[in-house]
Each structure stands twice: as C-alpha cells, then as structure tokens.
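Novice: Structure, please.
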Amino acid sequence: MNAKFLSKYLILKPKFFFALDPEKCQHTVKNICILEISIKAVLFLFTLLLLSNYTYSQNRDTSIILKVDSLTLSKLIKQVVENHPSIKEAEEALYIADAKIGLAKAGYLPNVDATGNFTRIGPVPAISLPVFGTFKMAPANNYNAALEYEQTIYDFGKTAKDVNLANENKNLNHLSIEQLKQSMSMTATNSYYSLLFIQDAIEIKDEDLRTLNGHLEYIQKMNATGSATQYEILATQVRISNVESEKIDLETSREVQLSIINSLLGQPEKTVFFVKKELDTKLPEIVPDSLVSYAFAHRDEMKVAHEKSALAELQYNLKQASTNPTINFYASGGWKNGYFPDLDQGKLNYVAGVSLNVPLFDANRKKNNLLIAKSDIQNCNYEVDITGRKITTEVVQAEANVNSAGKKMKQFSLQLEKANKALSLAEIKFKAGVITNLDLLDATYAVSESKLLLLKSQIDYISNIFNLKNAIGDRLY
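Specialist: The predicted model follows:
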C-alpha cells in the first residue's frame, strides 16, 4: 500500500484511525512508511542471498564437472608426460647419472689434504755422553702441520674407461625415460578413446530410451482404445529395461575410465569431464614393406637393447683394465718441530716423490670378472634378438588390425545406411498399419546397433593407427 494513499485515507476516514488525535494519526503514518521500507529491505537481502547461493552452487558444480569437449588427446598426453610422478622419478636418474660421471672424472683430478697433529711423548728419548752431557733425541711436545698433494699421472686407460661407462649409463637412462614417456602416452591414448566410445555410446542409449518411451506412450494410448495388446506394452517395457541396463554398464565403465585418466592427470578421482571427438588421425606415411626396418631404427626398446650391449662391452673393457699399473705423484709440505739442534724450534719442510703400483696377483678376481662380463655381453646380444622378434610381431599385428578395422568401418557404414533406409520403410508401413509396433522397434533397434558398431569400428581404427605408430616407434607425445 502506497504511503501517500494511506495518509490520504487516514484523513478521509478519521473514525477508523484516531480521528480525535491528529498527532497520533501522523505518527501512525510514519510507522507504516518505516514498515514498508523495512519489508523492501528484507526482500532485497533475501534476493541477494538466493543469488549468492545459486552462484556458489554453480561454482561448486563446475569445479567437479568440466565443460563438454573439455579435454583433447594432445592436452591429455602433454599433461601426463610433463607431470606424471613416474616420469619425474625416472628423470631423477639423469641427475644421478651426471653425479656418477663427475665421480668417474675425479680420477683426473688430484687429492689435496690439510693435516695437523700434536703429540706428547714421555719419557723423552735421550742420550748421555761423557763430558758432553745429555742430549734429547726428540722434543716432548711434537707439532706437525702439512699440506698433502697426490695426483695420478697415468693409469693406462682405467679412468677413461670408467668415464665412458658412466656416459653410456646416462644415455641408457635417457632412452629409458623416452621409452616410459611413449608407454605412458599409449596408455593415455587407449583410455582417451575408450572414454570417447563410452561417452558416445551413452548418447546413443539415451536416444534409444527417448524413442522407446515415445513408443510406449503411443502403445498405451492405443491399448486404451483397444488398438493394441498388453503384450506389445510388456515387450516395449522389456526393451526399455534392457537399454537401461546397458546404459548402467556403460556409465560404470565411464567411471572406471575417468578414474584412470584422473589418476594419470593427478586430479581428484571424482572429477567428471567429456573428451573431444578426434577421429582424423592419419596412417604413417611409410611403405608397408619397410615398416619393420623402420621400427628397428626408431623403437626405444631396440635402442635400449643396443645400449645395454654397448654397456656390457664397456664393462668388459673396464674389468680388463683393473690390473693395469698406475703411476702417482705425491708431495707434502708444511711446518713441524723436532729438527736438530733445536728440537723445539719449528721449521718448514717438504717431501715429494713418484710411486709406481703394479698388481702382481689379485686372487683371480680379474679372470672371474671377465667371465661374468663376457656372459653379460652374450645375454645382451640375446636380448637384442628377442626384442627384434617382438617388434616384428607387434608391427605385423598392428598393421593387420588397422587394415581389418578399416574394412569393418566401411562395412558398418554401409550397414547403417541400409538400416536407416529400412527404418524409413518400416515407419511408412507402420503408419499404413501393415506392421506392428514391435516390428518398428526391431527396425529402430537395428539402426541403434548399427550406430554402435560403426562407432566402435571408428574408435578401433583410430586406436589401431596409434598402436601401429607406437609399434614402429613414432613419437606420440
């Protein structure tokens, strides 16, 4: 009620509002105006509260469920390769390898030590001579401070072989990291396309449910007029139940795939997102007859096997040099007491020399170490052969799977086209009363199944292309 209208009403109708006391009337009008303003303020605050709660709920939901097409394959692989802890752990091995190289190169550098000591002896050795008296042979308090230097002049290649071995170990660590990245990328790719299939399959099932529920509603109306039987209603309900059951299985599979991808990305396990449909990957531009030879040259597994063979050779060479002579230079200089004639007086002193160390007998350690190293070389050669056979099998299988998936994709594309035509004819016949509702549902089901089969063949084709790329050693990241 407007305040001006209320004040006018009070003047016109004084018998209802303190007509005998104008001051009370004016006071009442003020109170009503204040009440009106208070109500508006409360409504305004209540509206703000509702808006803030809605905004919070929206923000809370978007923090859990990401937008449609929020994740691409390239983005997924990039995040996995850059942030997965297993790769970070493998990269730490490179820092250890650098440290081992530094340790091996330490053989080229000298050892420098600063030493100091104090010794108190007693009794002090002394000699007594007639007429000359007693002479001390050493001071009671002995001081010595020195700087010691030791350097290997030549070790007949032992240090050089040790450095080469450390460098090859670093190369092996680097190849192992590349192999792990490729493996993680392949895992991410498989999970990505599995989720893509499930995601689109759920949409197909939702479309089936809408169609079946529409048919059920139509049949129920027909049954009310006596134009349809209870059997048709029950048969339609059974089909709806089957589709709902299939959808439940798909949703369960989607949760599993989401958990796998969330684990790869390091995201909360309940994060829900959709993946972008990417089906435009092309086959590698390599002549089929040269796929195996290309794989031998590019697969990380083969590179690692050859690197292990090289390491075994270096280990053998290092063991062979274990008994090589070494020539060392040493020098020491500093301050000490104990020199005649004043034993307590400290003096500068030095010592320098060259030493030669020639091992004569090492209890057959070198012989046995060489036998072990030679066996390691042979095992590495076997591993190269085994890896080559495995790669050959994988390339042949991947190529065959790509060809098979391509043929199935064309076949199911043609099947879907025919199923759509059959559905169109079934709809015309159903309207004409030639076929029943169940016949129409059979035609609809055939279209749905053809869509699923085509979708699966498309996903299989793309997945097998990635498998072939992985089999021949093409980088996926």
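Novice: Can you name the residues that contact Asp162?
Specialist: Ala104, Gly107, Leu318 (CB atoms under 8 Å, 6 or more residues apart in numbering). (Glycine included, C-beta is placed from N, CA and C.)
Novice: ok, it to Asn169 distance?
Specialist: 11 Å (CB to CB, to the nearest Å).
Novice: next one: Lys319
Specialist: 16 Å.
Novice: got it, and Leu71?
Specialist: Taking CB to CB, one finds Leu71 at 38 Å from Asn169.
Novice: Give me the packing partners of the strand with the most length in the chain, helices and strands only.
Specialist: Taking DSSP state E as the criterion, the chain has its longest strand at strand 141-154. Strand 141-154 is packed against strand 111-120, strand 326-336, with contacts defined by 3 or more CB pairs under 8 Å, 6 or more residues apart in numbering; DSSP states H and E.
Novice: can I get those strands in TSV with mean neighbour count and mean pLDDT?
Specialist: Shown next, in TSV, are those (neighbours: other CB atoms under 10 Å; pLDDT from 0 to 100):
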stretch	mean neighbour count	mean pLDDT
strand 111-120	10	95
strand 326-336	16	95
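Novice: Out of those, which is closest to Thr271?
Specialist: Judged by CB to CB, the one of these that comes nearest to Thr271 is strand 111-120, at 56.6 Å.
Novice: Show me how far the following helix or strand past the closest one is from its chain's centre.
Specialist: Going down the chain from strand 111-120, the next helix or strand is strand 126-129, by DSSP states H and E. Strand 126-129 sits 83 Å away from the centroid of its parent chain (CA atoms, centre = their mean, to the nearest Å).
Novice: swap in stretch 98-117?
Specialist: 39 Å.
Novice: neighbouring contacts of that stretch?
Specialist: 143-152, 155, 158-159, 162-163, 165-167, 169-170, 334.
Novice: what about 6 Å?
Specialist: Residues outside stretch 98-117 that contact it (CB atoms under 6 Å, 6 or more residues apart in numbering): Asn144, Ala145, Ala146, Leu147, Glu148, Tyr149, Glu150, Gln151, Thr159, Asp162, Val163, Ala166.
Novice: which element is the last one on?
Specialist: Same thing as Ala166. helix 158-224.
Novice: so where do the helices sit in the stretch 351-477 of the chain?
Specialist: 365-432, 437-472 (DSSP state H, counting those that start in this stretch).
Novice: report the angle between the axes of the shortest one and helix 365-432?
Specialist: What that stands for is helix 437-472. 160 degrees (axes from the mean of the first three to the mean of the last three CA atoms, to 10 degrees).
Novice: could you say what helices and strands helix 437-472 packs with?
Specialist: helix 158-224, helix 291-298, helix 365-432 (3 or more CB pairs under 6 Å, 6 or more residues apart in numbering; DSSP states H and E).
Novice: Just put those helices in TSV and tack on mean pLDDT and distance to Val256.
Specialist: Shown next, in TSV, are the helices and strands packed on helix 437-472 (pLDDT from 0 to 100; distance: least, CB to CB, whole Å):
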stretch	mean pLDDT	distance to Val256
helix 158-224	95	9
helix 291-298	95	32
helix 365-432	96	23
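Novice: circling back to that earlier point, highest mean neighbour count out of the helices of the stretch 351-477 of the chain?
Specialist: helix 437-472 (a mean of 20; mean count of other CB atoms under 10 Å).
Novice: Check the offset of that helix from the chain's centre.
Specialist: Worked out by CA atoms, centre = their mean, helix 437-472 lies 29 Å from the chain centre.
Novice: Could you do stretch 285-301 as well?
Specialist: With CA atoms, centre = their mean, you get 26 Å for stretch 285-301.
Novice: Ok, which of the helices and strands packed on strand 141-154 comes nearest Gln230?
Specialist: Closest among these, using CB to CB: strand 111-120, at 98.9 Å.
Novice: How far off centre is that closest one?
Specialist: That offset, for strand 111-120, works out to 53 Å (CA atoms, centre = their mean).
Novice: so what strands line up beside that strand?
Specialist: strand 141-154 (antiparallel) (DSSP bridges).
Novice: Same question for the strand it pairs with: list its buried residues.
Specialist: Residues of strand 141-154 classed as buried: Asn142, Tyr143, Asn144, Ala146, Thr152 (neighbour count, 16 or more other CB atoms under 10 Å).
Novice: now swap in stretch 229-242 and tell me
Specialist: In stretch 229-242, counting by 16+ other CB under 10 Å, buried: Glu232, Ile233, Ala235, Thr236, Arg239, Ile240.
Novice: what does it rub up against?
Specialist: Here stretch 229-242 makes contact (CB under 6 Å, 6+ apart) with Leu212, His215, Leu216, Ile219, Asn223, Asn437, Leu438.
Novice: any idea of the angle the host helix or strand of Glu92 forms with helix 158-224?
Specialist: For Glu92, the host element (DSSP H and E) is helix 85-105. Put simply, helix 85-105 runs at 180 degrees to helix 158-224, going by the same axes, to 10 degrees.
Novice: Restricting to C-alpha, output helix 85-105 in PDB.
Specialist: What follows is helix 85-105, C-alpha atoms only, in PDB (Å, rounded to 0.1, in the frame of the first residue of the first chain):
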ATOM      1  CA  PRO A  85      55.400 -38.800 -11.000                       C
ATOM      2  CA  SER A  86      56.700 -42.000 -12.600                       C
ATOM      3  CA  ILE A  87      58.300 -39.800 -15.300                       C
ATOM      4  CA  LYS A  88      59.600 -37.300 -12.700                       C
ATOM      5  CA  GLU A  89      61.100 -40.300 -10.800                       C
ATOM      6  CA  ALA A  90      62.800 -41.500 -14.000                       C
ATOM      7  CA  GLU A  91      64.200 -38.100 -14.700                       C
ATOM      8  CA  GLU A  92      65.900 -38.000 -11.300                       C
ATOM      9  CA  ALA A  93      68.100 -40.800 -12.600                       C
ATOM     10  CA  LEU A  94      69.600 -38.300 -15.000                       C
ATOM     11  CA  TYR A  95      70.900 -36.200 -12.100                       C
ATOM     12  CA  ILE A  96      72.300 -39.300 -10.500                       C
ATOM     13  CA  ALA A  97      74.000 -40.200 -13.800                       C
ATOM     14  CA  ASP A  98      75.600 -36.800 -14.000                       C
ATOM     15  CA  ALA A  99      76.900 -37.300 -10.500                       C
ATOM     16  CA  LYS A 100      78.400 -40.600 -11.500                       C
ATOM     17  CA  ILE A 101      80.100 -39.100 -14.400                       C
ATOM     18  CA  GLY A 102      81.600 -36.500 -12.100                       C
ATOM     19  CA  LEU A 103      82.800 -39.300  -9.800                       C
ATOM     20  CA  ALA A 104      84.400 -41.100 -12.700                       C
ATOM     21  CA  LYS A 105      86.200 -37.900 -13.900                       C
END
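Novice: mind listing what's buried in it?
Specialist: Ile87, Ala90, Ala93, Ala97, Lys100, Ile101, Ala104.
Novice: shouldn't the fourth one be in contact with Asn173?
Specialist: Yes: here Ala97 lies in contact with Asn173, judged by CB atoms under 6 Å, at a distance of 5.0 Å.
Novice: and the closest residue in space to Asn369 that isn't next to it in sequence, how far is that from Leu371?
Specialist: Spatial nearest neighbour of Asn369, chain neighbours left out: Lys319 (4.3 Å); criterion: CB to CB, 6 or more residues apart in numbering. Lys319 sits 10 Å away from Leu371, going by CB to CB.
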